Each structure stands twice: as structure tokens, then as C-alpha cells.
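S.K.: My questions concern the predicted model and sequence given below.
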Amino acid sequence: MTPETNADRALLRRFEPVMRYTRGENFFPMAVEPYVQECSLWVLRPGEEPECLVPEGELTLEKLAQPRAEGFNAILYLQFIEEPNLSEIAFYLLNRAREGNTFHPGRGRLARVGYSSRFVGALFSLTLLARGRIPGETAAAAALTYRRLMDNDEHYKYYGRVVRQNGWIVLQYWFFYPFNNWRSGFFGVNDHEADWEMVNVYLSENAQGEVQPEWVAYAAHDFSGDDLRRRWDDAEVEKVGEHPVIYVGAGSHASYFQPGEYLTELEIPFLAPLQQVLNSVRRAWQNFLGQTADEGAEVNILRIPFVDYARGDGLTIGPGQAKEWREPELLDPLPAWARAYRGLWGVFVRDPVAGENAPAGPLFNRDGRVRRAWYDPLGWAGLDKLPPHTQEPNWVQERLMELRLRQTELRGALAEKSHELMDLGVEDLAMEGHPHLNKLHAAHVKRMAAVSNEVAALRAEQAENEALLEALTLYAQQLARGERGDVHAHIKRAHSPATDDGLKLSSFAETWSALSIGLLMIGFMLIVLFARQFLLIGLTVLIAAIVFVEAGFRRQLAQLVTSVTIGLAWVCALILLFEFFWQIVVLGVIAAGTYIMWENLRELRG
């Protein structure tokens, strides 16, 4: 083990996270070796049935890393659970219930979103019956197998990596979970075998070689770039000593800065263009009504809502906690199993949405390409545009020098171009009244326009640079005073837990949210079966009733009545326009002509 390896390991241990889980969580970070030994290795080739390459009980990390030549579109994958033992599963679930480690969902899950999102969500749930998915008993079988592995060797482990890039020291913590049971265990989006999650801590180093943490970035659903990270001194970043605290999503294993319940929306890719059109219509309608909305806030009625529970009321892993980390394994040098195996780390169920298919390893996406978080950990969290804070004053001073030098160059260029432009102007005046200089005059006019544009561009750049110089000078003074500005200035969309007000919904609202979509579907079928002649009227009444009840428990009835009234007024106006089009045109022309004559007569009198 080299001194550099020892130093990297010490840094990883110094800032390793404390992870707080939700009560009812079944799976925790573990070593990959016992998992792989429980798996079989398979390949799915186009147009063929899956073929087992290495059966369960014979697979090792060494065999996993062996090169395998497969054709295009072939998919390599592991399978953790093959034939669940139902009697063992029933016995395990009974014992687990007696232990009291039971998850209870929060109130208000469905009522937090509108009926449109609930309807799309209901359709998405029905698609599970048709598309590839993990069977319901697999999650329990995986939990049973995981418990057996922990009974043999209880451990909690992460894989670490230290990356030095652009003056930053990036500590990457990779966590492997044997199973993701978000759907079956916590009413979430998906289940899949295997789960790789990652957290980054970004350090800077001063001239004395001392390191200090500056940022942390947690991987979470629907977020990317700047929104993933928080500054180390942000009050939202909870710490135990120098160890950042992570609140882990139940079953999903996404990472959050604060405890709570997070509303997550799944976007269906082929519906995204329609959603953009609906958002544009909504903004136009709001502008017409003079309504205001939070900047950037959109109602994504075609997204599917789910709740990620990151309560932190379960097991805690980390330094000084109930369970502590085992010695980490470094991913530098890269182990063969991580470098050579580009397949999936769990079963491939042919889910076209991909949510139920297992992920690839820490290096790779499902398609075998290298993850951006691996090769570009700075850009992944939006830090590729920022120097470390310890180097920031030098960067500012260097930029000030560059801009001042550029201003000197601009002054010289402006003097030259301005002189040329005035020469052209004088010559242009001198050519007036001399017809034989017509062609030369035309060329002068063209050249004057071009040089004038060049001068304008140089002066614009000079003015912009002056403003930038002033801003940089003020920023340099701010840095010298030790001020760093707003800790949330970089965040465009914050992932915040649901507020207490959002959870305090009545029992009726909860019950209505659970039943409304089903009632709509059943009501529609009853109309089709027994009152088909009144289908349009019946469907209109049914939808109107649901909309009014929804608006009532959301305390938006007055707003709904206003919108409906304005909408009906527009409909009436369009009907009148259609029925009396030519009469309206005639009256409009007469009125316009009368107004023009009146204005002209006023001008004559004035």
C-alpha cells in the first residue's frame, strides 16, 4: 500500500458520511462479493431466450471480470433471486411484523397532487401488468437472503475513490445495495435488483497542504448539476463532526440533506412535448387573468407523482453511530470486476421504461457507457465552472489583470478605428458635388458602415468590461473580508421536504384522493353501459363533479368558479361572433371610420 493510497484512505475515513435510514428499510450498503456469490450470470441476445453463463453458487468476482465477446445489443446481467421460497418468505414476514420494524406511509400522498397527475399515475400503475417488472415476492425473498448474508457476516461498507481535478480533491463514496424495493415496500416508482448510489465531498487544499471541505453533492431523483450540491457551511447540511449526514430514501436509497417526505415526479419521455404545450397554454391563461405564479413553477399534470420517505427514524450507520462502517475498499487502482464487467448488476426484466431493470456498476450506465459522475465528478455537480475557494482570490486577480490588459488593447484599437472612421467621413464630405467620384463614394459609404459597426462593437465591449471590472473588484474586496455570499445562490430548483401544512389534509381529502380516479373510470363505464345516449352529457357532469369536489377540499373553489365564469364568457363571445359575424364586422368598420373622422376633426380644430 503506497503512501498516497494511505492518504486517500485517511481522507475518505475523515469525511465519511453518517447515513440515517427510514424505519422499515430492509437493505443497507454491503460488500459486492457475497452478493455476487449468490447470483447467476446471464446473457440475453436479440431474438433469443436468456442463457445462463455461470449458475448460482459458482460465480465469483474473478469470473465476473472475465472478458466475454458478445454481439451488438446483447445484454449481460446478474440474477440475485431465482425461485423464491414462499413458505420461508411468509415466516420471515411474520417475524418482521413481530419485531415492529414496520413502515407506515405518511398522510397526503395522493392529495398532494391534482386529479390529472393521479389519473396518469393510475394508468402507469396499470402498465405494470403488461410491461416487465420484478414479481412482488422477489423483494421479500431478497430481504430474506440479505438477512441470511448479514447473519453470516454483518457488515456495512462503502467503496471509495479520490479524484484530483482542476485543483479540487473529490471524495467519492459508492454504496451498493442488494435490492431496491421502493415500489413494493414504500409505494414508490420501481423495484429492481441491485442499487448503486453515490455521494461526493469536495475539498480544497491551501498552500500549507491543509484540506478543508467546501461542498457536498448527493445523488437524488430528478435533480442534476448545481441543484445536487450544497455548500459545507449551509445550515441544511447537517454534520456530525466532519461527517455529513445523509437522509436516505426508503427503498429508493436516494440521498437528501434534510429529513422528511419528498414528492418526486416521474416524467414519461414521449409525453414531454405535450407537457411543454400545456405549460405554455397555462402561462398564457395566467397572464390573461392577471394571475401571478412563482418563477419557474410549472404544474406537471403529465408527470407521475410518488413520495420518497427519508425520515431518518430507522437505523443509522456511521462514525459513533449504532452501526459503523467497515474499512472501505478503494476503487483506485480500479478492481477488475468494476472495470471489466459492463453488464447489469441484477435481473433484466425487459422493462421498456427501464425502471425495473437493474443498474450497471459504479462506472457505467445501463447502456455500457461510462457515467458522467465517474469521469467528470466536477461537471456532474456543476463545479467545473468554479475554482476551489482557497484559489478564488488568485483567480479573481488574474482575471482583473486580463481585463485591464484587454481594456488597454481596446483603447488602442478604438483610437485606430476612430481615426479611420473620421478619415472616411471627411473624404465622404469632400466627394459631395463630384459626379465622377460616384463609385468611390459608394465604396466609402459601405466601408464607413462597416468601420462604424466595428467601433460600436469595440465600445460595447469596453463598456461591458468596465462593468465587469467593477464587479470583480467588489467581489475581490468581499473575498478579502471573508464573505462568501448566499449559500443558495446557485440553486435553481431545491429539493425540499413537504411542509407540515401540505400534510395536514382531512380524512375526506385523503379518502377522496384514493378513490377519485377509480370512481371516474367506473362512472364512465356505467354511463357507456346504461346511458350511452347521454354519454357526452353524463361524462361532462361526472368530470365537473369531480373537479368541483377536488377544488372544494383544496380550498380553491372560488378560483375555479372565477376561471369557469371567464371561460364560459369566452365561449359565449365566440358563439355570438360566429352567429353574427358580418353584422359585427359592419358595426366595427363603421365605428372605426367614425373614430378616425372624429380624431381628424379634433386635429383641425386644435
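M.R.: Now that the structure is in, tell me what you want to look at.

S.K.: Tyr341 touches Leu76, doesn't it?
M.R.: Yes: at 7.4 Å, Tyr341 counts as touching Leu76 under the criterion of C-beta atoms under 8 Å. Yep, even glycine has a C-beta here, placed from its N, CA and C like the rest.

S.K.: For the stretch 351-500 of the chain, give me the ranges with low pLDDT.
M.R.: Along the stretch 351-500 of the chain, segments meeting pLDDT under 70 span 352-354, 499-500.

S.K.: what ranges do the strands span in it?
M.R.: Under the criterion DSSP state E, counting those that start in this stretch, the stretch 351-500 of the chain carries no strands.

S.K.: Could I get the full set of helices for it?
M.R.: Secondary structure of the stretch 351-500 of the chain, counting by DSSP state H, counting those that start in this stretch: helices at 372-375, 377-380, 392-431, 438-480, 500-503.

S.K.: Can I get those in CSV including mean neighbour count and distance to Ala494?
M.R.: Formatted as CSV, the helices of the stretch 351-500 of the chain follow (neighbours: other C-beta atoms under 10 Å; distance: least, C-beta to C-beta, whole Å):
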stretch, mean neighbour count, distance to Ala494
helix 372-375, 16, 20
helix 377-380, 20, 18
helix 392-431, 13, 24
helix 438-480, 13, 24
helix 500-503, 11, 15
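
S.K.: Dump those helices to a markdown table, plus distance to Pro135.
M.R.: Converted to a markdown table, the helices of the stretch 351-500 of the chain look like this (distance: least, C-beta to C-beta, whole Å):
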| stretch | distance to Pro135 |
| --- | --- |
| helix 372-375 | 31 |
| helix 377-380 | 34 |
| helix 392-431 | 53 |
| helix 438-480 | 58 |
| helix 500-503 | 32 |
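
S.K.: Tell me which of Tyr341 and Leu76 has more neighbours.
M.R.: Neighbours around Tyr341 and Leu76, counted as other C-beta atoms under 10 Å, are more numerous at Tyr341. The numbers are 25 against 19.

S.K.: got the domain boundaries for this protein?
M.R.: 3-386, 391-480, 500-593 (automatic domain parsing).

S.K.: These: which one's closest to Arg493?
M.R.: Nearest to Arg493 among the domains of the chain is domain 3-386 (5.3 Å), distances taken as C-beta to C-beta.

S.K.: Check the domains of the chain for me and report the most buried one.
M.R.: Among those, judged by mean count of other C-beta atoms under 10 Å, the one packed with the most neighbours on average is domain 3-386 (a mean of 18).

S.K.: now it, how far from the centre of its chain.
M.R.: Average the C-alpha atoms of domain 3-386, do the same for its chain, and the two points are 13 Å apart (C-alpha atoms, centre = their mean, to the nearest Å).

S.K.: Stretch 585-602 too?
M.R.: With C-alpha atoms, centre = their mean, you get 57 Å for stretch 585-602.

S.K.: could you dump that stretch to CSV, C-alpha only?
M.R.: The C-alpha trace of stretch 585-602 is given here as CSV (Å, rounded to 0.1, in the frame of the first residue of the first chain):
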residue,chain,number,x,y,z
VAL,A,585,-67.8,43.4,-39.0
VAL,A,586,-70.1,46.1,-40.4
LEU,A,587,-70.5,47.7,-37.0
GLY,A,588,-66.8,47.5,-36.3
VAL,A,589,-65.9,49.2,-39.6
ILE,A,590,-68.5,52.0,-39.1
ALA,A,591,-67.2,52.6,-35.5
ALA,A,592,-63.6,52.6,-36.7
GLY,A,593,-64.4,55.1,-39.5
THR,A,594,-66.3,57.3,-37.2
TYR,A,595,-63.4,57.3,-34.7
ILE,A,596,-60.9,58.3,-37.4
MET,A,597,-63.1,61.2,-38.6
TRP,A,598,-63.5,62.4,-35.1
GLU,A,599,-59.8,62.4,-34.4
ASN,A,600,-59.0,64.2,-37.7
LEU,A,601,-61.6,66.9,-37.0
ARG,A,602,-60.2,67.4,-33.5
